[in-house]
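Undergrad: Mind looking at a prediction? Sequence and model below.
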Amino acid sequence: MIYTDLTKKALKLCFEAHKNQVDKTGMPYVFHPFHLAEQMTDEISTVCALLHDVVEDTEYTFEDIRNMGFPNEVIEVLTLLTHEDGVPYMEYVEKISANPIATRVKLADLRHNSDLSRLDIIDENALARAEKYQKAIELLLNKVVVE
């Protein structure tokens, strides 16, 4: 983990935003963004990994995050990483591919979410999700290699 004033601020916000949430297996949800952040190699990607689900899964807004002093670069990446209702999933992933930081965070997110060992029960829904995420990983990796 990279510890700067900005990443510490993001750690605190991440914990506050997700502190009462759990994942599909009942584990504290906050472990997920922390896991992603541990894989990042610079300040901005670390902050974005920590905050990648805050707007999508909590009451916080982009304006709230902006008002807390997070830079526009973070807001831009978080906007790409937030899946809007009504947008087809692969179209959402395609937009992410235009930004290298968003791509790096999303690849870590998809890999962690595809790790079936995290689940207590692997059912058809879990397998279908993993397959969808694998297609998204391939799309992002192909964009990185081609461009």
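TA: Cool, the structure landed.

Undergrad: all helices of the protein, in order?
TA: 5-18, 31-38, 43-51, 54-57, 62-67, 72-81, 89-96, 100-113, 124-146 (DSSP state H).

Undergrad: Residue 5 and residue 39, how far apart?
TA: According to C-beta to C-beta, to the nearest Å, residue 5 and residue 39 sit 21 Å apart. (Glycine included, C-beta is placed from N, CA and C.)

Undergrad: who has more neighbours, those two?
TA: More neighbours surround residue 39 than the other of residue 5 and residue 39, with 17 against 9 (other C-beta atoms under 10 Å).

Undergrad: how close does that one sit to residue 63?
TA: As judged by C-beta to C-beta, residue 39 and residue 63 stand 28 Å apart.

Undergrad: go on, residue 57?
TA: Residue 57 is 17 Å from residue 63, by C-beta to C-beta.

Undergrad: When these two are compared, which one has more neighbours?
TA: Relative neighbour count places residue 57 above the other of residue 57 and residue 63, with 13 against 10, counting by other C-beta under 10 Å.

Undergrad: Which pLDDT value belongs to the more buried one?
TA: With respect to pLDDT, residue 57 scores 95.

Undergrad: Surely it is in contact with residue 14?
TA: No: if you go by C-beta atoms under 8 Å, residue 57 and residue 14 don't touch, sitting 11.1 Å apart.

Undergrad: With adjacent residues omitted, what lies nearest to residue 97?
TA: Spatially, and ignoring its direct neighbours in sequence, residue 97 is nearest to residue 143 (3.9 Å; C-beta to C-beta, 6 or more residues apart in numbering).

Undergrad: Make sure the one you found is actually in contact with residue 103.
TA: Yes: under the criterion of C-beta under 8 Å, residue 143 makes contact with residue 103 at 7.3 Å.

Undergrad: Between the two, tell me which one has more neighbours.
TA: Taking other C-beta under 10 Å, residue 143 and residue 103 do not tie; residue 103 has more neighbours (21 against 15).
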